[in-house]
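*Asks:* sequence-free structure coming up:
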Ligand SMILES: NC(=O)c1ccc[n+]([C@@H]2O[C@H](COP(=O)([O-])OP(=O)(O)OC[C@H]3O[C@@H](n4cnc5c(N)ncnc54)[C@H](O)[C@@H]3O)[C@@H](O)[C@H]2O)c1
């Protein structure tokens with residue numbers, strides 16, 4: 001029997017989590033998965049209850065669980081408290097405490113949503129791109145960091161971007177291995193684009209050299225290319241289908257994966273997985289807590305529901321159950337149901353629905 005810890009968090013977190021848990025319970029029954037569920041506090045709601053964005057109890061339950069499903073954290077209510085106590089710190093801490101160094105984000109275009117994207121349909125139709133982002137190193141964690149006062153009284157903010165060879169190798173392995181798996185499934189040649197800024201940052205010069213050595217010594221069947229981060233931002237808009245797997249560090253991955261999300265029409269459609277070295281993972285939508293629509297039944301629950309599919313695929317190796325969820329999402333889109341973020345008002349046959357109705361429609365396809 002495996003245990004899943006659910007952490008709804010803040011803003012739209014509880015609304016989308018309710019729908020995702022309903023879906024998870026349905027596949028649990030249908031495929032006899034023997035999953036049990038626990039819930040815990042994280043983010044602003046945890047601060048309100050305990051004073052900490054990641055209470056010790058949540059962390060120890062997360063360590064004991066086989067997988068974690070997270071909604072989202074943060075909101076204006078907690079934006080003015082001391083930085084080290086803010087909701088987002090709880091998220092960074094749980095990722096680093098669980099050793100979740102590999103973040104996988106799939107930007108896949110559902111054909112039904114081709115018109116919801118701001119990019120021309122012919123550029124994005126058939127898009128299926130995986131971004132592998134290093135999640136526990138780089139500039140978001142590097143020391144020293146802070147804001148200091150210089151001798152002349154002026155303030156200076158500073159952060160440090162650092163990567164060791166071993167950190168680059170372990171994320172490289174995840175990306176190369178997944179490129180091989182995807183090539184096997186699609187019948188296309190395996191390829192990876194490693195994104196860096198090696199023209200100006202020594203830390204990414206080491207990144208580039210390490211990726212090249214790995215390809216030459218262990219992955220000669222995977223074509224490796226390198227691209228500067230600024231060019232990668234442009235190429236994602238110009239011709240996103242040139243990419244299959246992109247691998248990059250924490251900060252560039254943060255930016256590129258949000259950009260890739262918009263290619264698919266809405267950040268409300270994009271799931272993610274964060275894995276440790278044993279494949280245990282935390283699964284969450286790529287979006288934040290959307291305080292502007294929280295509590296209004298407007299949130300798109302599909303990114304969280306698709307995160308459940310990733311959990312079943314990567315941690316529990318239940319491919320059939322994962323595909324059943326993905327198919328149910330596709331069927332609901334075929335039926336014309338849209339939350340407001342993916343609604344194209346020029347299409348006559350679509351029906352706007354709220355978070356709850358969308359979640360229950362997916363559920364109905366599964367039972
Ligand atoms: N992983 C996380 O928990 C996470 C990630 C990013 C931001 N945040 C936090 O979330 C808060 C809001 O941040 P933000 O506004 O920059 O980003 P956001 O992703 O919350 O929202 C950006 C825009 O996208 C919309 N949106 C997001 N998710 C949606 C969904 N499921 N359905 C429909 N629309 C959706 C929002 O309404 C908003 O207009 C901040 O406190 C931020 O720190 C948390």
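*Replies:* Okay, I see it. Note that the structure is predicted; figures quoted are calculated from it, not measured. Residues are numbered from 1 along each chain as shown.
*Asks:* Only the buried residues of stretch 3-15, if you could.
*Replies:* Of the residues in stretch 3-15, 4, 5, 6, 7, 8, 9, 10, 11, 12, 13, 14, 15 count as buried by neighbour count, 16 or more other Cβ atoms under 10 Å. Every residue, glycine included, has its C-beta placed from N, CA and C.
*Asks:* Check the offset of that stretch from the chain's centre.
*Replies:* 15 Å (Cα atoms, centre = their mean, to the nearest Å).
*Asks:* now do stretch 335-346
*Replies:* How far stretch 335-346 lies from its chain's middle: 23 Å, per Cα atoms, centre = their mean.
*Asks:* Does it reach the ligand?
*Replies:* Yes: applying Cβ under 6 Å from any ligand atom, one finds stretch 335-346 touching the ligand at residue 341.
*Asks:* buried ones in that stretch?
*Replies:* Residues 337, 338, 339, 340, 341, 342, 343 are the ones in stretch 335-346 that count as buried (16+ other Cβ under 10 Å).
*Asks:* Can you pull the residues of this protein lying near the ligand?
*Replies:* Counting by Cβ under 6 Å from any ligand atom, the residues of the chain near the ligand are 12, 72-75, 88, 91, 267-268, 284, 287-293, 299-300, 303, 341.
*Asks:* any chance you could map the helices in this structure?
*Replies:* Secondary structure of the chain, counting by DSSP state H: helices at 13-30, 44-50, 56-64, 87-97, 121-124, 165-186, 202-218, 229-238, 250-263, 302-314, 319-334, 355-366.
*Asks:* if you compare those, which one is most tucked away?
*Replies:* Sort the helices of the chain by mean neighbour count, taking mean count of other Cβ atoms under 10 Å, and helix 302-314 sits at the top with a mean of 26.
*Asks:* before we move on, the earlier item: now intersect the buried residues of stretch 335-346 with the strands, please.
*Replies:* Members of the buried residues of stretch 335-346 lying in strands (criterion: DSSP state E): 337, 338.
*Asks:* ok, of the buried residues of stretch 335-346, which one's closest to residue 313?
*Replies:* Nearest to residue 313 out of the buried residues of stretch 335-346 is residue 342 (Cβ to Cβ; 22.9 Å).
*Asks:* sorry, back to before: got the buried residues of stretch 3-15 as a markdown table, with pLDDT columns?
*Replies:* Shown next, in a markdown table, are these (pLDDT from 0 to 100):
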| residue | pLDDT |
| --- | --- |
| 4 | 98 |
| 5 | 98 |
| 6 | 98 |
| 7 | 98 |
| 8 | 98 |
| 9 | 98 |
| 10 | 98 |
| 11 | 98 |
| 12 | 98 |
| 13 | 98 |
| 14 | 98 |
| 15 | 98 |
